[in-house]
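Enquirer: Coordinates for the following, if possible.
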Amino acid sequence: MASQYDSIKTAEELLKEVAAHGLSTKPEDICRAQDIFGRSEVKELIRLANDNGRLNGFDGEPDPRGTYSSGRVGLSKYFYQVAFKIWSWEDATRFYNQHSNFPVIDALEENKMLHQQVKELNGELKRAKDDRDVEHRRCREAVDAEQAAQKKISQLEAEVHDRDMTIMELKAKLYDLMMKEGK
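Expert: Sure, this is the predicted structure:
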């Protein structure tokens, strides 16, 4: 069976036809609309879904968040009329939330930005921890070296003390010998 949309090649042409004559709900027309949407690039579908007739300036490009009217009716309401008819409710709602629901899109973008910031902060934290670990190792090595030096000093002091004691003993013996000879 032939569809009334057989001559239509792009999603934009389909939406203009729907705007002019309404959406046909005949099975062959719905299948053709599915085929047209299915062959369209996602970027094109997003552009049509967000075409609300607004501009980002008097001479600007179409902008769904724009503040200036272009003087024409946008295609977004027809896009979603067709989308909810040819796609499952879940798919159409997901498309809306991902591409046209600006509070959700803004929240997702903010979430993505916050994840990026968290990633950067985690990197900085890791570098700081690594620096702290290096400094800790250096301090530990310095303390170990100081303790080893202190131990060596203690050993040397003990040796000096032993030698001093030996010297004192020898002096005492010398004194004793001198006293014996002097008698």
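Enquirer: got the domain boundaries for this structure?
Expert: Annotated domains of the chain cover 11-100, 101-183 [automatic domain parsing].
Enquirer: Which parts of this protein are strands?
Expert: For the chain, the strands defined by DSSP state E cover 54-55, 68-69.
Enquirer: any idea how far A83 lies from Q34?
Expert: 10 Å (C-beta to C-beta, to the nearest Å). Just so you know, the C-beta spots here come from the backbone N, C-alpha and C atoms, and that holds for glycine as well.
Enquirer: what residues are up against the nearest residue to A83 once chain neighbours are set aside?
Expert: Excluding the flanking residues, the one nearest A83 by C-beta to C-beta, 6 or more residues apart in numbering is A92, at 4.5 Å. Residues in contact with A92 (C-beta atoms under 8 Å, 6 or more residues apart in numbering) are Y80, A83, F84.
Enquirer: what about the second one, how many residues close to it?
Expert: A83 sits with 22 neighbouring residues when counted by other C-beta atoms under 10 Å.
Enquirer: For the most centrally placed residue in the chain, list the residues it contacts.
Expert: Geometric centre of the chain, nearest residue: Q116, 2.6 Å, by C-alpha atoms, centre = their mean. Listed by C-beta under 8 Å, 6+ apart, the contact set of Q116 is empty.
Enquirer: Can you tell me how far it is from A2?
Expert: 52 Å.
Enquirer: contacting residues for S3?
Expert: K26, E28, D29, C31, R32.
Enquirer: Show the buried residues in the residues you listed.
Expert: When those are checked for burial by 16 or more other C-beta atoms under 10 Å, the buried set is D29, R32.
Enquirer: picking up where we left off before, output the domains of the chain as TSV; include the columns mean pLDDT.
Expert: Converted to TSV, the domains of the chain look like this (pLDDT from 0 to 100):
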stretch	mean pLDDT
domain 11-100	84
domain 101-183	93
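Enquirer: out of these, deepest packed?
Expert: Highest mean neighbour count among the domains of the chain (mean count of other C-beta atoms under 10 Å): domain 11-100, with a mean of 16.
Enquirer: start to end distance for it?
Expert: 17 Å (C-alpha to C-alpha, to the nearest Å).
Enquirer: quick one: it to chain centroid distance?
Expert: Mean C-alpha position of domain 11-100 versus that of the full chain (C-alpha atoms, centre = their mean, to the nearest Å) differs by 31 Å.
Enquirer: what's the answer for stretch 167-177, then?
Expert: 83 Å.
Enquirer: would you put the C-alpha positions of it in CSV?
Expert: The C-alpha coordinates for stretch 167-177 follow below in CSV (Å, rounded to 0.1, in the frame of the first residue of the first chain):
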residue,chain,number,x,y,z
ILE,A,167,94.3,6.1,80.8
MET,A,168,93.2,6.6,84.4
GLU,A,169,94.1,3.0,85.3
LEU,A,170,97.5,3.4,83.6
LYS,A,171,98.1,6.8,85.5
ALA,A,172,97.1,5.1,88.7
LYS,A,173,99.6,2.2,88.0
LEU,A,174,102.3,4.8,87.1
TYR,A,175,101.6,6.7,90.3
ASP,A,176,101.8,3.4,92.3
LEU,A,177,105.1,2.5,90.5
